[in-house]
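In: need coordinates for the following:
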Amino acid sequence: SGSRQRVPADQTQTGQSAISSSYSATLGVSAYELDLFGRVRSLSEQALETYFSSEEARRSTQISLVANVANAYMTWQADKELLKLTQDTLKTYEESFRLTSRSNEVGVSSALDLSQSRTAVESARARLAQYQRLVAQDQNSLVLLLGTGLPDNLPASHLLDSDMLTEMPAGLPSDLLQRRPDILQAEHTLKAANANIGAARAAFFPSISLTASAGTSSTELSGLFKGGSGTWLFQPSINIPIFNAGNLRASLDYSKIQKEISVANYEKSIQTAFQEVSDGLASRKTYDEQLQAQRDFVTANQDYYRLAERRYRIGIDSNLTFLDAQRSLFSAQQTLITDRLSQLTSEVNLYKALGGGWYERTGQTETISKEKPSVQLF
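Out: Model prediction:
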């Protein structure tokens, strides 16, 4: 780069105005750059797409947090219901133990019957302590995720209620997956990689810069360039990458590799999205069938328990049959609660797989554009 500067007479040792010239090599971007080959534009596009990518990463974290809170809340509710079930079962076992003790005192039941009845009581007490601990830990986990204490007016809910989650409408289009944050993040990363290739390619060409500035020792603008009291400076500069062609070529090759990686990640994000949605929809159907079968199993065990209790009280069957009916009913009821929790967790995972639910951010699914064809998810 070169520069020429006029120095006023009152600032020189000779008392006469003078013009000085200087030449230097500089690097960097000046106040105004002629972007002849699109380097600055490509870098700006890359920065913008990188920002969009980070914004989608933030949204992905937000959706994950919502899902984690939902799962923590439902786990808390499930353990509270298991705690209540264990408390009720313990009362039943204790009543059975009292009956067996009286029978043993009069010689109707054996010491073995009494021992087995006591075993059931102690097992239920151990389960009770376990669920008390789990409920407390679940509540602590939920408070940690929320970052605040649980409200006192939190409405009571039952895990087995069918309306705990909103029903999913039929005919959802695959366009919903386009708003998944991981897909959008991969898309913006790919665009940033393309822009980075443009910047690396443009770096092979010269970047021409123009810098203009003016200054004066006088306090009056009208005195500029008059009577030797003004200064001026005009400095053109040309930055030409002559000695770093190897680095630039390596940078371009690296940018191309980064683009290929971004393309692969983008493709993987789309494949993962469809797989997760497919798994979630498959789970919905099988969980409905599993829960219905488990409810029928609980009903059958309730009938078995009532018959066994009646036969035991009138002395037809031994205490062993009654204890077996108690254990079977308790186990079936536990399984029903855990299966329901698994179903709700699967629904939350489907919420995540659809990018935060099955409604658009600005409305419901009917607002989705129908200009291009899409695949129905189910």
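In: how many neighbouring residues does Lys191 have?
Out: By other C-beta atoms under 10 Å, the residues close to Lys191 number 20. For every residue, glycine as well, the C-beta is placed using N, CA and C.
In: so Asp317, which of the three states?
Out: Secondary structure, DSSP: H, G, I helix; E, B strand; the rest coil: Asp317 is coil.
In: an error on my part: the question was meant for Asp161.
Out: The three-state assignment at Asp161 reads coil, by three-state DSSP.
In: ok, now how distant is it from Ser117?
Out: For Asp161, the distance to Ser117 equals 35 Å [C-beta to C-beta, to the nearest Å].
In: next: Leu176.
Out: 56 Å.
In: pick out whichever of those two has more residues nearby.
Out: Ser117 (25 against 22).
In: so which helix or strand takes in that one?
Out: helix 111-146 (DSSP states H and E).
In: least confident secondary structure element in the chain?
Out: Using mean pLDDT, DSSP states H and E, strand 207-216 stands out as the lowest-scoring helix or strand of the chain, at a mean of 36.
In: re earlier: average pLDDT across the helix holding Ser117?
Out: Averaging pLDDT along helix 111-146 gives 92.
In: skipping adjacent residues, who's closest to Arg313 in space?
Out: Distances taken as C-beta to C-beta, 6 or more residues apart in numbering put Leu99 closest to Arg313, at 7.7 Å, once the chain neighbours are dropped.
In: burial count for the one you found?
Out: Neighbour count of Leu99, defined by other C-beta under 10 Å: 18.
In: what helix or strand does it sit in?
Out: Using DSSP H and E, Leu99 falls in helix 39-105.
In: quick check: angle from that helix to helix 111-146?
Out: Here helix 39-105 points in a direction 160 degrees away from that of helix 111-146 (axes from the mean of the first three to the mean of the last three C-alpha atoms, to 10 degrees).
In: now do helix 39-105: which elements does it pack against?
Out: helix 111-146, helix 181-202, helix 319-353 (3 or more C-beta pairs under 8 Å, 6 or more residues apart in numbering; DSSP states H and E).
In: check which helices and strands the lengthiest helix in the chain sits against.
Out: The longest helix of the chain (DSSP state H) is helix 245-313. Packing contacts for helix 245-313, counted by 3+ C-beta pairs under 8 Å, 6+ apart, involve helix 181-202, helix 319-353.
In: what about the helices and strands packed on helix 39-105, which gets the closest to Asn71?
Out: Among the helices and strands packed on helix 39-105, the nearest to Asn71 by C-beta to C-beta is helix 319-353 (5.5 Å).
In: got the buried residues for that closest one?
Out: By neighbour count on 16 or more other C-beta atoms under 10 Å, the buried set for helix 319-353 is 319, 321-323, 325-330, 332-334, 336-337, 339-341, 343-353.
In: before we move on, what about stretch 64-80?
Out: 66-67, 70-80.
In: low-confidence stretches in the stretch 151-300 of the chain?
Out: Applying pLDDT under 70 to the stretch 151-300 of the chain flags the ranges 162-175, 193-255, 259.
In: picking that back up, just the angle between the helix holding Ser117 and helix 319-353, please?
Out: Interaxial angle, helix 111-146 versus helix 319-353 (the same axes, to 10 degrees): 20 degrees.
In: now do the buried residues in helix 111-146.
Out: 113-114, 116-117, 120-121, 124, 127-128, 131, 134-135, 138-139, 141-142, 145.
In: equivalent analysis for stretch 142-160, please.
Out: Using 16+ other C-beta under 10 Å as the test for burial, stretch 142-160 gives Leu142, Leu145, Leu159.
In: Three-state assignment for His158, please.
Out: Secondary structure, three-state DSSP: His158 is coil.
In: now do the contacts for the nearest residue to it once chain neighbours are set aside.
Out: Among residues not flanking His158 along the chain, Glu81 sits closest, at 7.0 Å (C-beta to C-beta, 6+ apart). Contacts for Glu81 (C-beta atoms under 8 Å, 6 or more residues apart in numbering) come out as His158, Leu159, Leu160, Ile337.
In: local confidence estimate at the residue nearest to Gly315 when sequence neighbours are not counted?
Out: In this structure, Gly315 finds its nearest non-sequential neighbour in Val108, 7.4 Å apart by C-beta to C-beta, 6+ apart. Here the pLDDT value assigned to Val108 is 77.
In: how close does Val108 sit to Thr272?
Out: 65 Å.
In: repeat for Leu184
Out: The value you get for Leu184 to Thr272, if C-beta to C-beta is used, is 13 Å.
In: between these two, which one's more packed in?
Out: Counted by other C-beta under 10 Å, Leu184 and Thr272 do not tie: Leu184 has more neighbours, with 20 against 15.
In: tell me the buried residues in stretch 272-279?
Out: Ala273, Glu276, Val277.
In: now do stretch 90-101
Out: Neighbour count says stretch 90-101 has Leu90, Thr92, Tyr93, Glu94, Ser96, Phe97, Leu99, Thr100 buried, by 16+ other C-beta under 10 Å.
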